[in-house]
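Enquirer: the following comprises the amino acid sequence and a computationally predicted model.
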Amino acid sequence: MGKSSLLVRGVHHARENRRKIVYLDFQLIDPEHMQTLDTFLRYFAEMMVRRLCLNPARVEKLWRGSLGAKDKLTYLLEDYILPGAEAPIVLAMDEVERLLQTSFHTEFFGMLRAWHNSRAINDLWDLLNMVMVISTEPYLLIDDIHQSPFNVGLMLPLDDFDEAQVRDLNHRHGAPLTDDEIPRLMTLLNGHPYLTRKALYTLVVKRMTWAELTEIAATEDSPFSGHLHRYLWLLRDKLELTNAMKSIIRDGACSDVALFYRLYRAGLVKGSDRTCACRCQLYETYLQERLF
């Protein structure tokens, strides 16, 4: 949906306003750095000091201590990085949902929330600004809203396309769809920006017809399979969300408002807890075949 592009523009704007930038793309982190919370936070600390042109030996010295990894990184910021900052620091993190593959993602996000809360008692923390770009809805990343960094600060949600925008996007791709096929695309994807863009790109690059795309859309050969697999994995990992999703598909309603809200914020459903449905036909077809 253009999230990374938006982040790059924001980083450029911050740099023009003399902010110090620490940019981390979580997709580029080697797997060995994501084995444990300690190895990940040490990598995180080393990247921060290097991006700020500071002394990495401070990380080495600090990590020899007996404190936990979260305390080590927090004290590195509070005792070394922030006191010496010549300008506010922007910590820009892209693709942070990759942490879902780890067992410690809740601890990491809880730490970020604690850093944010520290602003209330220590003005030094006002020098640190955090920007996170995610493909997965925050409510699937961390269960406890009191530990989540995603319900504080400013959120910039990106809305679905309407039919006029989809027609414009189709034109920009060289019109792989006819005027009569656009409403069918809207029915299948409901203007979902990423899926719509992926569909048009696939039609052009693979030289597929609309009929060929719809035939495989909800299968393992689908160009959307990676996106759909990620949602399925998240649902299967949380039984309460799986049951709520099945209720919505089967009954068009959800008896638990909190669960509905999490699925709604995840971008999987639309409507209200009393009258709701999958966000688009593709989600319903795919999940119905695999959850029931």
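Expert: Arrived safely. Numbering: from 1, shown residues only.

Enquirer: how near is residue 129 to residue 43?
Expert: Residue 129 is 21 Å from residue 43, where distance means CB to CB, to the nearest Å. All C-beta spots, glycine's among them, are computed from the backbone N, C-alpha and C.

Enquirer: same thing with residue 159?
Expert: Counting by CB to CB - residue 159 and residue 43 are separated by 35 Å.

Enquirer: compare these two (neighbour count), which wins?
Expert: Counting neighbours by other CB atoms under 10 Å for residue 159 and for residue 43 shows that residue 43 has the greater number, 17 against 9.

Enquirer: hmm, that one is touching residue 35, no?
Expert: No. Taking contacts as CB atoms under 8 Å, residue 43 lies outside contact range of residue 35: 10.3 Å.

Enquirer: what's the nearest residue to residue 23 if we skip its chain neighbours?
Expert: Among residues not flanking residue 23 along the chain, residue 92 sits closest, at 4.7 Å (CB to CB, 6 or more residues apart in numbering).

Enquirer: all strands of the stretch 1-150 of the chain, in order?
Expert: 20-25, 89-94, 128-133 (DSSP state E, counting those that start in this stretch).

Enquirer: a markdown table for those strands, including distance to residue 237?
Expert: Shown next, in a markdown table, are those (distance: least, CB to CB, whole Å):
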| stretch | distance to residue 237 |
| --- | --- |
| strand 20-25 | 24 |
| strand 89-94 | 22 |
| strand 128-133 | 21 |
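
Enquirer: can you redo these as JSON lines with mean neighbour count, mean pLDDT and distance to residue 56?
Expert: As requested, these are exported to JSON lines (neighbours: other CB atoms under 10 Å; pLDDT from 0 to 100; distance: least, CB to CB, whole Å):
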{"stretch": "strand 20-25", "mean neighbour count": "17", "mean pLDDT": "95", "distance to residue 56": "14"}
{"stretch": "strand 89-94", "mean neighbour count": "20", "mean pLDDT": "95", "distance to residue 56": "17"}
{"stretch": "strand 128-133", "mean neighbour count": "18", "mean pLDDT": "91", "distance to residue 56": "19"}
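
Enquirer: pLDDT weak spots in the stretch 1-150 of the chain?
Expert: Scanning the stretch 1-150 of the chain with the threshold set as pLDDT under 70 gives 1-2, 135-150.

Enquirer: which parts of the protein are helices?
Expert: Here the chain has its helices, by DSSP state H, at 3-16, 37-51, 57-62, 69-76, 105-117, 138-141, 163-172, 182-189, 193-205, 210-216, 225-236, 239-251, 257-265, 281-291.

Enquirer: and the first one with strand 20-25, angle?
Expert: In other words, helix 3-16. Between helix 3-16 and strand 20-25, the angle comes out at 160 degrees (axes from the mean of the first three to the mean of the last three CA atoms, to 10 degrees).

Enquirer: how far out from the middle of the chain is helix 3-16?
Expert: Mean C-alpha position of helix 3-16 versus that of the full chain (CA atoms, centre = their mean, to the nearest Å) differs by 17 Å.

Enquirer: for it, which positions count as buried?
Expert: 3, 7, 10, 11, 14 (16 or more other CB atoms under 10 Å).

Enquirer: roughly how far does the residue lying closest to residue 210 once chain neighbours are set aside sit from residue 203?
Expert: Counting by CB to CB, 6+ apart, residue 210 lies nearest to residue 181, which is 4.8 Å off, once chain neighbours are set aside. Distance, residue 181 to residue 203, using CB to CB: 10 Å.

Enquirer: which one's more surrounded, those two?
Expert: For residue 181 versus residue 203, neighbours defined as other CB under 10 Å are more numerous around residue 203 (23 against 17).

Enquirer: ok now do residue 288, which residues does it touch?
Expert: By CB atoms under 8 Å, 6 or more residues apart in numbering, the contact set of residue 288 is residue 249.

Enquirer: same question but for residue 169, I mixed them up
Expert: Contacts of residue 169 (CB under 8 Å, 6+ apart): 161, 196, 197, 200.

Enquirer: what of residue 173?
Expert: 200, 201, 203, 204.

Enquirer: neighbours of the last one, how many?
Expert: By that I understand residue 204. Neighbours of residue 204 using other CB under 10 Å come to 13.

Enquirer: my guess is it meets residue 175, correct?
Expert: No. Between residue 204 and residue 175 there is no contact under CB under 8 Å: 9.6 Å.

Enquirer: tell me, how many residues neighbour the residue nearest to residue 36 when sequence neighbours are not counted?
Expert: The spatially closest residue to residue 36, leaving aside those adjacent along the chain, is residue 104, at 7.0 Å (CB to CB, 6+ apart). Neighbours of residue 104 under the rule other CB under 10 Å: 20.
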